[in-house]
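>>> this one's sequence-less:
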Ligand SMILES: [Fe+2]
């Protein structure tokens, strides 16, 4: 039972079926800037697990959104104004997004390996991060990218076999999402005008998707609308698709990231420019460590939770 009176889920490792020791104290309580990590509410955990996705509205303040949007615009339209190693979301104000307390709270719950977590070390790693700048067709001028095409993929994550990382494990009281997509929306998203399309619950589906899935207007699909500074989580195991951006009032400016297991995962380990990496606080740097288990935790013994 943890401090909040929640019963710990029964998780085993190398000790022949015995439950792991209490792992709640192993998960970082503060992010790299010393800001307390925000644990998801019971409702947020339940809805993410039930639907395979979750939108948390208005996480960033107006000032943060403004500063980050300007940074993305500069990266997109005027990258030459920045030194080479800073032409990335990993530099500037958007660097703070990668271990934002709300994101770290969700990842502690759904993606962390507690044996490879400590107060000095995140229990997962950052696989990819970038930005999307999308413009409606009639507002497009030279230099602006095409809108992304509709292209559904994944789903059926519950019973995938080893070797396929697009799985999603669920046990009574605990789910594990090894391939977590996190998208920061920095501009308004209007309903069905370009936000990511999702099929709620499809990460646990066991039937093959119906033909209707090829129609973006089918009721099979769901999506969201939100204000700037909102945060979307979805399991890559959930069926999803990009949707062409048709919102003529504003462009899409978003920061998409992918987090993977620190002991495995889909994307190769992300290795930022050395100069940039050295400028980051030590805890943030642990998001970029290599992917393996033995001794891959800072400040603790990796076997401590499963000693017989
Ligand atoms: Fe995808």
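Nice, I can see it. None of the values given here were measured: they were computed from a predicted structure. Numbering: from 1, shown residues only.
>>> contacts, neighbours, all on C-alpha from now
Noted.
>>> need the longest helix for this protein.
helix 62-77 (DSSP state H).
>>> what sits closest to residue 61 if chain neighbours are left out?
Leaving aside its chain neighbours, residue 61 sits nearest to residue 229 (6.9 Å; criterion: CA to CA, 6 or more residues apart in numbering).
>>> so who does that neighbour touch?
57-62, 65, 184-187 (CA atoms under 8 Å, 6 or more residues apart in numbering).
>>> count of neighbours near residue 214?
14 (other CA atoms under 10 Å).
>>> what sits against it?
Per CA under 8 Å, 6+ apart, neighbours of residue 214: residue 152.
>>> and residue 222, by the same measure?
Residue 222 is in contact with 197-200, counting by CA under 8 Å, 6+ apart.
>>> got those as a markdown table, with pLDDT, distance to residue 10 and secondary structure columns?
Below are the contacts of residue 222 laid out as a markdown table (pLDDT from 0 to 100; distance: CA to CA, whole Å; DSSP: H, G, I helix; E, B strand; the rest coil):
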| residue | pLDDT | distance to residue 10 | secondary structure |
| --- | --- | --- | --- |
| 197 | 97 | 34 | strand |
| 198 | 98 | 30 | strand |
| 199 | 98 | 29 | coil |
| 200 | 98 | 27 | coil |
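>>> and those, which are buried?
Neighbour-count burial (16 or more other CA atoms under 10 Å) applied to the contacts of residue 222 gives 197-200.
>>> can you give me the pLDDT of the closest residue to residue 49 other than its chain neighbours?
Spatial nearest neighbour of residue 49, chain neighbours left out: residue 175 (7.0 Å); criterion: CA to CA, 6+ apart. For residue 175, the model assigns a pLDDT of 96.
>>> thinking again about what came up before, what's the closest of the buried ones among the contacts of residue 222 to residue 170?
residue 200 (15.7 Å; CA to CA).
>>> for the closest one, give its distance to residue 175.
According to CA to CA, to the nearest Å, residue 200 and residue 175 sit 16 Å apart.
>>> next one: residue 228
Between residue 228 and residue 175 the computed distance is 29 Å (CA to CA).
>>> same question for stretch 10-21, mean pLDDT?
On average, stretch 10-21 scores 87.
>>> what residues of that stretch count as buried?
Of the residues in stretch 10-21, those buried (16+ other CA under 10 Å) are 11, 19-20.
>>> got it, and stretch 214-231?
Neighbour-count burial for stretch 214-231 [16+ other CA under 10 Å]: 216, 220-226, 228-231.
>>> ok, now stretch 73-93?
75-76, 79, 86-91, 93.
>>> dump the buried residues of stretch 10-21 into CSV; add secondary structure and distance to residue 120 as well.
As requested, those are exported to CSV (DSSP: H, G, I helix; E, B strand; the rest coil; distance: CA to CA, whole Å):
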residue, secondary structure, distance to residue 120
11, coil, 23
19, strand, 24
20, coil, 21
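>>> quick one, strands of the stretch 151-300 of the chain?
169-171, 174-176, 179-185, 197-198, 230-235, 240-241, 252-261 (DSSP state E, counting those that start in this stretch).
>>> tell me which of those strands sits nearest to residue 277.
Of all those, strand 252-261 comes closest under CA to CA, at 17.3 Å.
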